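[1] Coordinates for the following, if possible.
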Amino acid sequence: MEEDQNKRAELTFLTNLHERHAKLKSKQNLDEADGFPKKTERRRTETMNLAFAHLREHIPNVPTDTKLSKIKTLRLAISYIRYLREVLDGENPGEYVVDLKRDRTIAMDIANHYDYAEKHKKEVEYETLPKRKRGRTGWPQKVWALELKNE
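    Predicted coordinates:
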């Protein structure tokens, strides 16, 4: 009898120990699951921001008080690369000038071009549709004729 009680006590102790270990392990997993992506995402964002800051430093003639968005930074970098390519090709484009408004107008021109192309496409589709005849279609006469034939 005493042996049974000892076995039960040992079993209870082991069960409790196992449950506590499982709870602790699941808590650690949850902490890792919550913390790991946040930490890596934060690190990735910091790396991206540093890369954009480094890229901004290499774009000439940008006023220091100008806050450039990431998309604006990329557009200006592309513009500067085009300028450098023209210089390498032997063309003399003159000094590189940052035109902050130019990028906006280019984007608007592109958007307007697509709007115009879409509008033109719809107009062509509309013009190719068969024209509806004006006046009566003759539908009632056809229906009555079919009804009379069936009788």
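[2] Burial check on L84, number of neighbours?
    A count of nearby residues for L84, using other Cβ atoms under 10 Å, gives 12. C-betas here are computed from N, CA, C, even on glycine.
[3] try the one 3 residues further on
    Taking other Cβ under 10 Å as the neighbour definition, V87 ends up with a count of 13.
[4] What separation do you get for it and Y80?
    Summarising the geometry, the distance separating V87 from Y80, computed by Cβ to Cβ, to the nearest Å, is 11 Å.
[5] How about stretch 56-69, which residues are buried there?
    Of the residues in stretch 56-69, those buried under the neighbour-count criterion (16 or more other Cβ atoms under 10 Å) are 56, 59, 62, 68.
[6] Which ones among those residues lie within helices?
    Per DSSP state H, helices hold the following members of those: R56.
[7] Pull the most distant pair out of the buried residues of stretch 56-69.
    Spatial extent of the buried residues of stretch 56-69 (Cβ to Cβ) is set by the pair I59 and L68 at 8.0 Å.
[8] Which residues are in contact with each of these two?
    Common contacts of I59 and L68, defined by Cβ atoms under 8 Å, 6 or more residues apart in numbering, comprise L76.
[9] Mind picking the lowest-pLDDT entry from the buried residues of stretch 56-69?
    Among the buried residues of stretch 56-69, V62 carries the weakest pLDDT, at 81.
[10] quick revisit: mutual contacts of V87 and Y80, please.
    Taking Cβ under 8 Å, 6+ apart as the contact criterion, V87 and Y80 have no common neighbours.
[11] Domain parsing of the chain, as residue ranges.
    Taking the TED database as the domain assignment, the record places the domains of the chain at 1-58, 69-126.
[12] Can you get me a residue count around E91?
    When counting by other Cβ under 10 Å, one arrives at 10 neighbours for E91.
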